[in-house]
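Student: One predicted model, sequence on top.
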Amino acid sequence: MRFSWKAACAVGALLSYVAVGSAAAQTIKFSYPVANSNPMGQTIDRFGEIVAEKTGGALRVQGFPDAQLGNEIQTVSSAQGGIVEMGVTSTAGFAGTVAEFDLFNMPFIFANDRVLERMMRGKAVGQMLEKAGAVNLVGLCLWDYGFRNFTNNRGPINGIDDLSGLRMRTIQNRVYLDSLAALGVNPNPLPFPETYGALETGAIDSNEIANSVTRSTSFYEVQKYLTESRHFATAAVVYVGKRFWDQLSADQQGALRASCDEAAAFNREIITTSGAETLAYLAEKGMQVNEIPAENMAAIKAAVAPVIEQVKGRVDADLVTLFSSELAAAEAQTN
């Protein structure tokens, strides 16, 4: 078969275009469980902008919200297997991969946002992230959803007795399950995408989650009461699959690490500045908001104290010491 000069030129031009296009932008599929309107979705959008700036467009981040590519746990496996390049998973979900992240899941451990922020940037976290390398992941940094609060359809939670018997959706995490059970709750570890339907049908009657997620996922449509309990922090691990990571140049790897840290500052800003507005929004949508009286918190914290000791006893002892030391310093610096 004769091959014309024009056809050869056309094929050559096409191959050149494909080669240049591939070199110009390598797509990073970034899986996350919540809506793009959530602060986490906004943070991932900003992360993508920073990555593009730092790599001159060589790396392009494409976010996949609403668990399109799998829930938190599935995303970890997908990143390990090279199906997706990046993901963000709450420390509650990621502790099944690196157990030491359960230190971040201990109930009522962080006094306020400032303490949490210092701990998320500390040396203990750095050591936890390094442990991800043993399971074919590269941990970059931590981002945040905000503290978790109780919502339900039974009534305001003013003390430990009001928690008794609540059928509450939570994450499949030992610390979460043990802590809620210690408070008299009947914890139900449901995948996040199934939560709205379970609340709507009455299969469960309560939830525990960050206010920003209650808003972005419209849980206010199926929950009446919101209690500002701040019982768990919802830090989240940002990670890259090692198979993809090893294909990157040292400069590109450095750009991803630096971009994660820069996006963390953006993440903290929107979490902090949007908190009051989100609470007002939920109240406008009909949720009744309350706080647990200080005099009733002692019984709640006493109930979960054994869970905290159990966590400290089953993970890396040196990391527990470092974590506890940094926590004490963070509390002293923010008081």
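Tutor: Everything's here; your move.

Student: Which residue ranges of the stretch 51-200 of the chain form helices?
Tutor: For the stretch 51-200 of the chain, the helices defined by DSSP state H, counting those that start in this stretch cover 72-81, 91-94, 113-120, 123-131, 174-182, 195-201.

Student: and residue 236, which of these is closest to it?
Tutor: helix 91-94 (6.6 Å; Cβ to Cβ). From N, CA and C alone the C-beta is placed, and that goes for glycine too.

Student: Any idea which of the helices of the stretch 51-200 of the chain gets closest to residue 234?
Tutor: That would be helix 91-94 among the helices of the stretch 51-200 of the chain, by Cβ to Cβ, at 7.7 Å.

Student: Can you point out the buried residues in that closest one?
Tutor: 91, 92, 93, 94 (16 or more other Cβ atoms under 10 Å).

Student: Likewise for stretch 75-84?
Tutor: So, applying 16+ other Cβ under 10 Å, buried residues of stretch 75-84: 75, 76, 78, 79, 80, 83, 84.

Student: could you give the mean pLDDT of that stretch?
Tutor: Mean pLDDT, stretch 75-84: 97.

Student: Same question for stretch 279-294.
Tutor: 97.

Student: same thing with stretch 97-105?
Tutor: What stretch 97-105 shows for mean pLDDT is 97.

Student: what does stretch 128-145 give?
Tutor: 97.

Student: all strands for this structure, in order.
Tutor: Secondary structure of the chain by DSSP state E: the strands cover 26-31, 59-64, 86-90, 137-144, 148-152, 167-170, 186-189, 206-210, 225-232, 235-241, 288-290.

Student: Same list (these) but as JSON lines, adding mean neighbour count and distance to residue 52.
Tutor: Shown next, in JSON lines, are those (neighbours: other Cβ atoms under 10 Å; distance: least, Cβ to Cβ, whole Å):
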{"stretch": "strand 26-31", "mean neighbour count": "20", "distance to residue 52": "10"}
{"stretch": "strand 59-64", "mean neighbour count": "18", "distance to residue 52": "6"}
{"stretch": "strand 86-90", "mean neighbour count": "28", "distance to residue 52": "14"}
{"stretch": "strand 137-144", "mean neighbour count": "25", "distance to residue 52": "16"}
{"stretch": "strand 148-152", "mean neighbour count": "25", "distance to residue 52": "32"}
{"stretch": "strand 167-170", "mean neighbour count": "22", "distance to residue 52": "37"}
{"stretch": "strand 186-189", "mean neighbour count": "18", "distance to residue 52": "37"}
{"stretch": "strand 206-210", "mean neighbour count": "26", "distance to residue 52": "28"}
{"stretch": "strand 225-232", "mean neighbour count": "22", "distance to residue 52": "34"}
{"stretch": "strand 235-241", "mean neighbour count": "27", "distance to residue 52": "16"}
{"stretch": "strand 288-290", "mean neighbour count": "14", "distance to residue 52": "39"}
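
Student: Which among those is found nearest to residue 257?
Tutor: Closest among those, using Cβ to Cβ: strand 137-144, at 5.7 Å.

Student: For the buried residues of stretch 75-84, which two are the farthest from each other?
Tutor: Of all pairs in the buried residues of stretch 75-84, the most separated under Cβ to Cβ is 76 and 83 at 11.0 Å.

Student: List just the nearest of the buried residues of stretch 75-84 to residue 58.
Tutor: Using Cβ to Cβ, the buried residues of stretch 75-84 come closest to residue 58 at residue 84, 18.9 Å.

Student: isn't the closest one right up against residue 239?
Tutor: No - with contact defined as Cβ atoms under 8 Å, residue 84 does not reach residue 239; the gap is 10.4 Å.

Student: Quick check: the gap between residue 50 and residue 38.
Tutor: 19 Å (Cβ to Cβ, to the nearest Å).

Student: Which one of those two is surrounded by more residues?
Tutor: residue 38 (23 against 19; other Cβ atoms under 10 Å).

Student: Quick one, grab the pLDDT at that one.
Tutor: Per the predicted model, pLDDT is 94 at residue 38.

Student: gap between it and residue 164?
Tutor: From residue 38 to residue 164 the distance is 31 Å (Cβ to Cβ).

Student: Using CSV, lay out the helices of the stretch 51-200 of the chain together with distance to residue 234.
Tutor: Compiled in CSV, the helices of the stretch 51-200 of the chain are given as follows (distance: least, Cβ to Cβ, whole Å):
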stretch, distance to residue 234
helix 72-81, 11
helix 91-94, 8
helix 113-120, 10
helix 123-131, 15
helix 174-182, 11
helix 195-201, 14
